[in-house]
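Q: Have a look at this prediction, sequence included:
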Amino acid sequence: MEISLISKWSLEVGPLASQTLDLLPSTSHKTNKVVVADKSGALSCIDFKRGKPVVSFKTPDGPAANRLFVVDNRIFFAASNEVKGYKKSARNFYNISTFMTEPILSLYIFDNQLHLAGEHVYSHYIANKEQPYYVCSDCIVDLVGVCVPGGPKGWMGTESKRSDDIPYPLLACGDRALRFAQGKTVVYEASLSSRPTCLCPVPCASGVVLYGTTCGRVGAVQFSTEGHALLWELDNPEDLGSVTCLRVCDIASGTNNGCDVLVGRECGTLEVYTAEAVTETPVKAVAVKEASAIVAVVAGLVSSDKIVDVVVATYAGLVRGYATMDAVDEAPEATHSLYMERLRLLQNDIAELRQAEANQTAQMQKLLSSVQAQEGDTKTAASISDVLPTVDVRDSFVLNERDASYLLTIELPVSLNMVVITADVPVGVVETAETNATLRVSAESTSETPQFASKDNPSLVQLTFECRPGTTRFQVRVRTTEGEYGTLGVSIFPHVTPKVCCQRRYVIPALSLHHRCAGDTDTASLRDRLQLLGEFASADMHAWLGQCFAGMPGRTTSEANEIMFRSIYVGTYVKCKYTQGSATFEADNPSTIAIIRDTVMQEATSRNVPIRISTTVEDTSVHHVLQLLAPLFDHHHTLAAQATAIAPLKELVAHESSVGFLTPDQQYILQHADEIKAAHEHEPFHVARLHGIVGRLYVDFHQFKGQDVTGNLERLSAILQNSTDTPTLIDALTNFFDA
């Protein structure tokens, strides 16, 4: 099915949180209204008159809205720890202030039941009476209701008397798991391949739920009384951003009884996938790009009763409607009329924004003039502090599994002026297509200034990015090296008056290239062992491991804990088991054991906690790691050979009419010359990282044997640099390690 999307209308509201937009069915005519709750706490209802969006009602400002839910022509939204309900007449008919100590980030409502979730707590209300709540050890990412005939596996109660239309609460958790919670306990759990970001139940298929992940994958899981089954999962070959919102609909009719999937991403990409059945893997039909992260997407009859609109909402507060091209008369005059109407609406919006900007500038200038005239007036000073700009920042620091780097993204609802990055550990920074800034490097470094190491600038420096005019989104890739841990600092300077600065801090763990994985991984190869005994609590060890691994839960809810991690670069595993006074680590890489030992000992020593250490390292683990590194070396050697061959091959075919006399491999090099060159430009960093891993493995392995081999590192470096054949290199390294 071929689909094209044409931007038809747009409207500006305040900055938006995730999933704070939906459609409100209308009883008077066939079209739906759009309801949206922004971070100013105001709920806006958008109707259409002569094809132009107008705000039919808007509620007063209040605490920032974090989630919106529409059911039975009633609008509910969560703000702070409260839930408010409005009817389509704008009457506030429902208010409840919960006992949750954290903001409500997710909710769904069915009948007289209210299901809420904060960052760690899932709470359930029946007729406004609180029921037993569940505390998750990791963060709760999303909450939806799923209709499972007969109930999910493990659900306690008489489900034969329960209607199949009654949903069960499903939690998406940060430890790569989907959980059905009943009261204080989890009755069933399903593991995912990556950390989930959002969920969407499929209305036309019982028990089916779509999920999006931080690495950009989209999948479908079906739950039943027997357990769960993965129906399909879409990869992210274009390396787009993480999935922020999902919606299932019929793109032809705009109803929810379909199998088409709308995907909104953090990078601002909106994708439409079509499918004939729920069990069928959907196919991408069309994609469009917004300038800001998409936080909500819906589809339905909105601006017309004949044309289906795909409505998206961005973090910056833009609500835009796209008309499906196959629903529009494709005659040239109809298309031209649609574009001219769109142009007229945009011109009106620009005029209104310019007038609003002029009014705010005049108000600020008047206030500043008043302050200058009355410098000693404390009342005026208080008034200026009341109007200091409060800038909302949407930021993320996510490990990208595809290229083993961290993706740092900063987005503001206003323009960015400058971004300053500092760090106290060696890292490298690579600009992306969405950096939208010019790098300015200052070579000065003092003891008071956080020190920063860059691949292109080996001296300790501070990086300053001057953003281009109108930039609201900033993104760079941060490359780390395992073995050292510290903090990455980001100072954000928005283009506002008076000047303000927003600061963010991100932990760079010692094993920064490890991510959390399912605990059912085969552990037969985990022959290296580290045991720590001492007078420490389980919470202490949990906090220390937070300096070792990314993705550690924010808190621990039990005394005995077991977590598994995997290196996304090498492919090795490590299992962590810890309780009060005891911690055991099993791995298939001696360097992993050494890094955990050094990091935990440093943290324990700073807190004066004595610890006894016991280690066991097998010789076979070194050979195992070298075999895992072989594909990485092979990729490096192949890429280097391809990059070297590009110029001679181009010279060879310069005067030839055909390239048929070349081998298939040589033709591939010519066809992908630009891609090979681009990849080869970043190869020095990857080679240095690879050589560093081998060097550290050699030192750590012999250190466990009580041998100091630092004097042999020059010979090891010569072996790594002089070899161009992977099997020969692995044999040489194996003999060198065994010598």
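A: Great, that's in hand.
Q: use CA for all of it now, contacts and neighbours both
A: Will do.
Q: could I have stretch 550-557 exported to CSV, CA atoms only?
A: C-alpha atoms of stretch 550-557 as CSV (Å, rounded to 0.1, in the frame of the first residue of the first chain):
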residue,chain,number,x,y,z
ALA,A,550,25.2,1.6,32.9
GLY,A,551,21.6,0.6,33.4
MET,A,552,21.8,-0.4,37.0
PRO,A,553,18.4,0.0,38.8
GLY,A,554,18.1,3.2,40.8
ARG,A,555,17.4,1.2,43.9
THR,A,556,17.3,-2.4,45.2
THR,A,557,14.2,-3.8,46.8
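Q: Wait, a strand at residue 504?
A: Yes. Under DSSP: H, G, I helix; E, B strand; the rest coil, residue 504 falls within a strand.
Q: can you pull the pLDDT of the residue lying closest to it once chain neighbours are set aside?
A: With sequence-adjacent residues excluded and distances taken as CA to CA, 6 or more residues apart in numbering, residue 504 is closest to residue 490, at 5.2 Å. Looking at residue 490, its pLDDT reads 93.
Q: Excluding chain neighbours, what is closest to residue 227?
A: residue 153 is the one closest to residue 227 (CA to CA, 6+ apart), at 5.4 Å.
Q: okay but the residue nearest to residue 504 is in contact with residue 503, surely?
A: Yes. Counting by CA atoms under 8 Å, residue 490 does reach residue 503; the two are 5.7 Å apart.
Q: more neighbours, these two?
A: When neighbours are counted by other CA atoms under 10 Å, residue 490 and residue 503 differ, and residue 490 comes out ahead with 20 against 12.
Q: Distance-wise, check the residue nearest to residue 504 relative to residue 430.
A: The gap separating residue 490 from residue 430 is 15 Å, by CA to CA, to the nearest Å.
Q: Same check on residue 462?
A: Taken as CA to CA, the span from residue 462 to residue 430 is 15 Å.
Q: Neighbour count: the two, which is higher?
A: Neighbour count, other CA under 10 Å: between residue 462 and residue 430, residue 462 has more, with 21 against 16.
Q: quick one: that one and residue 215, what's the gap?
A: Distance from residue 462 to residue 215, by CA to CA: 29 Å.
Q: Next: residue 66.
A: In terms of CA to CA, residue 66 sits 23 Å off from residue 215.
Q: For residue 291, identify the helix or strand it belongs to.
A: Assigned by DSSP states H and E, residue 291 belongs to no helix or strand.
Q: Next one, pLDDT for the closest residue to it other than its chain neighbours please.
A: Among residues not flanking residue 291 along the chain, residue 268 sits closest, at 5.9 Å (CA to CA, 6+ apart). With respect to pLDDT, residue 268 scores 91.
Q: was I right about residue 268 contacting residue 297?
A: No. Using CA under 8 Å, residue 268 is not in contact with residue 297, being 11.5 Å away.
Q: With neighbour numbers in mind, choose between those two.
A: Counted by other CA under 10 Å, residue 268 and residue 297 do not tie: residue 297 has more neighbours, with 28 against 23.
Q: Tell me the secondary structure of that one, please.
A: Taking three-state DSSP, the label given to residue 297 is strand.
Q: How about the residue lying closest to it once chain neighbours are set aside: which residues does it bridge to?
A: Closest residue in space to residue 297, ignoring its immediate chain neighbours: residue 312 at 4.4 Å, by CA to CA, 6+ apart. Legend: beta-bridge partners of residue 312 under DSSP bridges are residue 297, residue 320.
Q: What's the per-residue pLDDT of the residue most central in space within the chain here?
A: In the chain, the centroid-proximal residue (CA atoms, centre = their mean) is residue 214; its distance is 4.0 Å. Predicted confidence (pLDDT) at residue 214: the value is 91.
Q: and what of residue 532?
A: Per-residue pLDDT puts residue 532 at 94.
Q: what's across from it in the sheet?
A: Applying DSSP bridges to residue 532 gives these bridge partners: residue 583, residue 613.
Q: ok, it touching residue 579?
A: No. Using CA under 8 Å, residue 532 is not in contact with residue 579; the gap is 10.5 Å.
Q: contacting residues for residue 517?
A: Listed by CA atoms under 8 Å, 6 or more residues apart in numbering, the contact set of residue 517 reads 176, 193-194, 564-566.
Q: And the pLDDT for it?
A: Residue-level pLDDT assigned to residue 517 equals 83.
Q: The one 3 residues further on too?
A: With respect to pLDDT, residue 520 has a value of 63.
Q: Same question for residue 590.
A: So, for residue 590, pLDDT stands at 93.
Q: And it, how close does it get to residue 527?
A: Where residue 527 is concerned, residue 590 sits at a distance of 9 Å (CA to CA).
Q: Between those two, point out the one with more neighbours.
A: It is residue 590, of residue 590 and residue 527, that has more neighbours when counted by other CA under 10 Å, with 30 against 17.
Q: Quick check: the more buried one touching residue 624?
A: No. Using CA under 8 Å, residue 590 makes no contact with residue 624, being 10.5 Å away.
Q: which residues of the stretch 151-300 of the chain fall in strands?
A: Along the stretch 151-300 of the chain, the segments classed as strands by DSSP state E, counting those that start in this stretch run 168-173, 177-182, 185-191, 196-201, 208-213, 218-224, 227-234, 243-249, 260-265, 269-274, 283-289, 294-301.
Q: Dump the ones you listed into JSON lines; add distance to residue 652 as well.
A: What follows is these, written out as JSON lines (distance: least, CA to CA, whole Å):
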{"stretch": "strand 168-173", "distance to residue 652": "56"}
{"stretch": "strand 177-182", "distance to residue 652": "55"}
{"stretch": "strand 185-191", "distance to residue 652": "53"}
{"stretch": "strand 196-201", "distance to residue 652": "50"}
{"stretch": "strand 208-213", "distance to residue 652": "46"}
{"stretch": "strand 218-224", "distance to residue 652": "45"}
{"stretch": "strand 227-234", "distance to residue 652": "41"}
{"stretch": "strand 243-249", "distance to residue 652": "46"}
{"stretch": "strand 260-265", "distance to residue 652": "44"}
{"stretch": "strand 269-274", "distance to residue 652": "41"}
{"stretch": "strand 283-289", "distance to residue 652": "40"}
{"stretch": "strand 294-301", "distance to residue 652": "48"}
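Q: Most remote residue from the middle of this protein, which is it?
A: The chain, CA atoms, centre = their mean, max distance from centroid: residue 655 (49.4 Å).
Q: where does it land in three-state SS?
A: Three-state call for residue 655 (three-state DSSP): coil.
Q: What separation do you get for it and residue 649?
A: On the measure of CA to CA, residue 655 and residue 649 end up 11 Å apart.
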